[in-house]
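**Q** Here is a sequence with its predicted model. Questions after.
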Amino acid sequence: MSTLPIFADESWRLPSRGRVGMFSLIIGESGIFTIFVVAYIYYIGRSVSGPTPQILEVPIFNSICLLSSSLTIVLAEHAIQHGLLKRFALWWALTMALGIEFLAGTAIEWRKLIFEDHLTIRTNLFGTTFYSLVGLHATHVLVGLVGLTLVMIFTLAGRVNQGHAGRIQVLALYWHFVDAVWVVVFTVVYIVGK
Amino acid sequence: MADQTFPIPGAVDATRPRAGLLEWLHSWVVTVDHKKLGILYIVYAIFFLLVAGAEAMAIRIQLAIPHNHFVSPEVYNELFTMHGTTMVFLVGMPILFGFANYLVPLMIGARDMAFPRLNAFSFWLTAFGGLMLYFSFIGGFGSYGVGNAPDVGWFAYAPLTARAFSPGHSTDYWALSLIVSGFGTLGTAINIIATALSMRCKGMTLMRMPLFVWLLLVVSGMTLVTITPLTAAQVMLLIDRYLGGHFFDAQAGGSPIVWLHFFWIFGHPEVYVLVLPAFAIANEIIPVFSRKAIFGYPAMVAASVGIGFVSMTVWAHHMFTVGMTAVGNAFFVLSTMLVGIPTGIKIFNWLATLWGGKIRFATPMLFCIGFLFQFLIAGLTGIMLSVAPWNWQLHNSYFVIAHFHYVLVGAIVFCIFAAIYYWYPKATGRMLSETLGKWHFWVFLIGFHITFDTMHFVGLLGMPRSIFTYEPDRGWNTLNFIISCGGFVQAVGVLIFAWNLVYSYRRGKAAGNDPWDAWTLEWSTSSPPPDYNFAVDPVVRSRRPLWDIKHPQDPDWKYER
Amino acid sequence: MSMQQRRPLASIRFWLTLIFPSCPGASSALAQGPQSTPSTLAPVTTPAHEIFGLSLFVLLITGTIFVVVGGLLAYALIKFRARNDEDAQHEPAQVYGSLQVELAWTVIPVLIVVVLFLTTARIIFAIQDAPRPKSALEVTVVGHQFWWEFRYPTLGIVTANELHIPVSSGRQPTSTYLKLLSADVDHSFWVPQLGGKTDLIPNHPNEMWLDPRTPGLYLGQCAQFCGVEHAKMLLRVYVDTPQQFDAWVKNQQKPGAQDAAVAAGRRIFETEACMNCHTVTGTAAKGTFGPDLTHLMSRATIASGAADNTPANLRAWIRDPNQFKPGALMPAMQLSDQQIDQLVAYLTTLH
């Protein structure tokens, strides 16, 4: 009979639970997006009446903004890792601004679709699938922005330091995911579906 | 053996002075302790097991004789919808997550889950989802007036769920409450994955994790990609119902088939999400009561992961009758049959574990043996159903009902009972009565076989599912009466079980730390374990750390590869 | 194939009957020809026969697996039980696994799957992709909540709930192709003796074919939950001899009877809400929401098989359909007793 053996010398490293958790969430979210994307693709050209995807204008500026926000958030991560708080706050704010621009751009696009092209979610299958898919993505951008804003508030209040780099990277992972999904949505809606 | 204690730090007396009732309730509501949340999940699930069991009894009374008027057609449709939905979402998922919550941290030598607050949040989401579903009985204004539960089947096939065919709010309750509890499920799955990957004690490499943890890891991974399609499909359904969308609207060019695909992309892996934890339980219990290490641990891990992947490709075997092409049908026949291979490997490995052992027939083991026998039959009827042409006959008949109840009751519920008998001593510090346990086992087993064996035959004789009554001249009368009788025998078994839970909580024999002479880490701490589980983080060198302690001259780590 | 396959099937039926003596109606369930139990074990069409033959093959394989694995399980439980307390004190030899053994019992299931899959695939293609004979009769089946509409586009016939098709004999093989549509929700066409089921789904036309070899009445019902009265969406298929079928077609092609003696009832039919939903050819009633009533009295049942087609039942049905089918979509007509009498008198002339 002996006690449990102890190996003090063995190095024992496990993955960060935050990153594992976020990756799991991303896999789960991908499930939701996959279903909406599949529905969109399946219903391309199946509307019996009403406007078609030809009325869409390719949101190039919007997309550039959102995708470059992935770059700015990487720079922010880099800054916080090295403890450069001012630089972090700057890049973080820029990321937020790009995200907000994206949402504003979507709002303008929808306004045109609704009031000029008379396409609403109940008009036809195209409307239903388009607003659902793009709206689902926009909702994720919004959720990401709420997360970014919280960090920004804490940063301005002086509560963020180098020690939080790990957590901030976990949040940044989510933001990267939202950007990556846009690549898929953009391809499906504005290139393949048009 | 029962009162033997090991000199393991962490075996601390956890009893505390009794607090007032309110304080006690408060401690359960605000808890973030994985053990308490695990127990909450299990109690919640057992409560709904009784509710859905009562619904099943009402269904069987109605079907006992032809042209019965025990319940109206409307109520009957609500009953079978709620029975199915409850059993899958409010019994199956919560009870398995309850065991995962309670056991995963203990088995891997951790002090809690990776995200304790997320854990509590997930539980309460699931709990409120269930309450919301049942609130429909009084709050859901439906087509029949006040108080209308969902009545579209647990599969809720479009377009029956469209506003035109399902006015009122009952279908909305179905979709919304499952979305809510689905997010709870998603949270718990994320938590289990993070716990199993990031919280293991020193020395516990992935290939030393108890199989229970391995299987729950696979299940959680599958949950991520199976619950979310259902959530997405239900959001689409709500968009159709509330915003006037056309996802499943045939008039606007939408296709009801799309709902079938989305539902079964969730629905079939869901079966494995439910059955793999049952395997996980058998993987822990069968070796301990055979007194042998599990045979072929790496093969068991590989087979579980294999089942996880293959099960994602089989969904349309629920749709052989919707008019797919011959090639499509053949593909899903093949993928479905392929699941039989890893499943067969598992059954053989369990047999090999029994082989050459010294089998002790305690109640947990009895239930596991029942599981092995019934799961064998369930697997074979599953192969029959995978044969698409035969499936054209059997689909939506009572043969299918018999098959999936063999899986859900014969395999999963039997394993859940085994797990409760096995781990109850750990959670409460008291043994369940063996005498009552054996009564429970035999009564339930006999009732189970009376009911579900007979259902196969009535299905072969052409009785479809979801019917509130049947014509007296169809030759189904006697068989249905037998099925109903069996249902009541099972109900008696469950009542013995419920009595055992209550009785043994007060009068049961003291359990000690390790009543079954088992080998995984949860048996090294006290029963019930202290809040912090282990006073000192354990360190392991093999898959059976307690075996190593008990047999220092012949430990596992000398042999494991 | 029929002669070669029937004989082994007959002997297998005999054994099945012996195995399930406790199964009530087992002998009748396995009998040939039409019967009141819609048994999957008494096939009368080519697809149903092929399915039944395949099912016996699968049953043989799975039965063998069951006996072998179940036997091993029972043997292990008896042989390796802990015999007494003293014996139980010593742990048995620990075996952790064996790669050779694992490989061996992976290969066996793989082989079984290959055999099962190839056999299954052959039958799938044989049934689904069978060439369609030119002479085949075409019937369009439309599922409604909660009744069946049958349209014969080549014969100009519309009827409901009772499908008439010709028998297929060796001398005169005749198959019937059903085109399956739905007017509202999902339904499923299932007459077990005639073959497997196929769903009726809106916006997704399906097809199945039958070639019944024995005349008579075959029973079935809707096999996909379609709402409150799903259980009462019964289905009757009459397989007619060529003479019967021709006579039936001739009768169905006639317009609705115009008997002056029941003109009062006919006027009620044409002035009340009846005509909004029902059709009687030759009158103003051209509704399509409910069953075509032109030859109502040629059918044995009303309400999709929920009640016998008698004047008394017709009267009760018109007064309150909920009596037979709670949840039926036809409203109670709120007619006076006299009006109902006149109406029923009219309906009973519609042969």
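**A** Yes, it's here.

**Q** Contacts only, for the single nearest residue of the stretch 151-300 of chain C relative to chain B.
**A** Closest to chain B within the stretch 151-300 of chain C is C:G196: 2.2 Å, counting by CB to the nearest CB. Backbone N, C-alpha and C define where each C-beta goes, glycine included. Residues in contact with C:G196 (CB atoms under 8 Å, 6 or more residues apart in numbering or on different chains) are B:321, B:389, B:391-393, B:395, C:47-48, C:51, C:190, C:208.

**Q** Tell me if it really is in a strand.
**A** No: with DSSP: H, G, I helix; E, B strand; the rest coil as the criterion, C:G196 is located in coil rather than a strand.

**Q** quick one: low-confidence ranges for chain C?
**A** Along chain C, segments meeting pLDDT under 70 span C:1-31, C:86-88.

**Q** Please name the residues that touch the most centrally placed residue in it.
**A** Residue closest to the mean C-alpha point of chain C, counted by CA atoms, centre = their mean, is C:V191 at 1.9 Å. Shown in contact with C:V191 (CB under 8 Å, 6+ apart): C:38, C:218-220, C:235, C:237.

**Q** cool, and B:W557?
**A** Shown in contact with B:W557 (CB under 8 Å, 6+ apart): B:541-542, B:548.

**Q** pLDDT wise, what is A:S2 at?
**A** We have a pLDDT of 38 for A:S2.

**Q** nope, B:D554 is what I was after
**A** For B:D554, pLDDT reads 85.

**Q** And for the one 4 residues further on?
**A** Model confidence at B:K558, expressed as pLDDT, equals 83.

**Q** circling back to that earlier point, ranking by neighbours, what's the top pick from the contacts of C:G196?
**A** Most neighbours among these, by other CB atoms under 10 Å in any protein chain shown: B:P389, with 30 neighbours.

**Q** In three-state terms, label it for me.
**A** B:P389 ends up helix, using three-state DSSP.

**Q** can I assume it is in contact with C:I123?
**A** Yes: between B:P389 and C:I123 there is a contact under CB atoms under 8 Å: 4.7 Å.

**Q** backbone phi and psi for A:L98, please?
**A** Backbone torsions of A:L98, given as degrees, to the nearest 10, read phi -70, psi -40.

**Q** The closest residue to it other than its chain neighbours: what's it in contact with?
**A** Excluding its sequence neighbours, the residue lying closest to A:L98 (CB to CB, 6 or more residues apart in numbering or on different chains) is A:S69, at 3.7 Å. Contacts for A:S69 (CB under 8 Å, 6+ apart) come out as A:94-95, A:98-99, A:102, A:175, A:179.

**Q** ok, back up a step: which of the contacts of B:W557 lies closest to chain A?
**A** Nearest to chain A out of the contacts of B:W557 is B:R541 (CB to the nearest CB; 5.7 Å).

**Q** which parts of the helix ranked longest in chain B are buried?
**A** If each helix of chain B is counted by residues according to DSSP state H, the longest one is helix B:256-290. Going by neighbour count (16 or more other CB atoms under 10 Å in any protein chain shown), the buried part of helix B:256-290 is B:256-290.

**Q** among these, which are in reach of chain A?
**A** Intersecting the buried residues of helix B:256-290 with the contacts of chain A gives B:258, B:262, B:265 (criterion: CB under 8 Å from any CB of the partner chain).

**Q** In CSV: those residues, plus pLDDT and distance to chain C.
**A** As requested, these are arranged in CSV below (pLDDT from 0 to 100; distance: CB to the nearest CB, whole Å):
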residue, pLDDT, distance to chain C
B:V258, 95, 10
B:F262, 96, 15
B:I265, 95, 18
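
**Q** could these be laid out in JSON lines, adding distance to B:P342?
**A** Formatted as JSON lines, these follow (distance: CB to CB, whole Å):
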{"residue": "B:V258", "distance to B:P342": "30"}
{"residue": "B:F262", "distance to B:P342": "26"}
{"residue": "B:I265", "distance to B:P342": "20"}
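
**Q** which ones are touching B:P159?
**A** Listed by CB under 8 Å, 6+ apart, the contact set of B:P159 reads B:165, B:248-250, B:256, C:184-186, C:202.

**Q** so which of these comes closest to B:G382?
**A** C:D186 (23.9 Å; CB to CB).

**Q** got the buried residues for the biggest helix by length in chain C?
**A** Ranked by number of residues, the top helix in chain C under DSSP H is helix C:46-79. Under the neighbour-count criterion of 16+ other CB under 10 Å, helix C:46-79 has C:46-59, C:61-62, C:65-66, C:69, C:72-73, C:76-77 buried.

**Q** Run through those residues and flag the ones next to chain A.
**A** For chain A, no contacts are drawn from the buried residues of helix C:46-79 by CB under 8 Å from any CB.

**Q** what residues are up against B:V400?
**A** So B:V400 contacts B:385, B:394, B:459, B:465 (CB under 8 Å, 6+ apart).

**Q** if we can go back for a sec, now the contacts of B:W557 in JSON lines, with distance to chain C?
**A** Below are those laid out as JSON lines (distance: CB to the nearest CB, whole Å):
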{"residue": "B:R541", "distance to chain C": "15"}
{"residue": "B:S542", "distance to chain C": "10"}
{"residue": "B:D548", "distance to chain C": "12"}
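
**Q** mind listing which of the residues you listed are in strands?
**A** Within the contacts of B:W557, no residue falls in strands by DSSP state E.

**Q** In helices, which of these fall?
**A** Short answer: the contacts of B:W557 in helices (DSSP H) are B:D548.

**Q** check the contacts of B:W557 against chain A, which are close?
**A** Among the contacts of B:W557, chain A is touched by B:541, B:548 when using CB under 8 Å from any CB.

**Q** From what I see, A:R167 and A:G18 are in contact.
**A** Yes: counting by CB under 8 Å, A:R167 does reach A:G18; the two are 6.3 Å apart.

**Q** out of these two, which sits in the more crowded spot?
**A** With neighbours defined as other CB under 10 Å, A:R167 and A:G18 compare such that A:G18 has more, 18 against 14.

**Q** Helix or strand: which one has the residue in chain A that chain C sits nearest to?
**A** Closest to chain C within chain A is A:R46: 9.7 Å, counting by CB to the nearest CB. For A:R46, there is no helix or strand it lies in under DSSP states H and E.

**Q** what's the closest non-adjacent residue to it?
**A** Sequence neighbours aside, B:G253 is the residue nearest to A:R46 in space, at 4.5 Å (criterion: CB to CB, 6+ apart).
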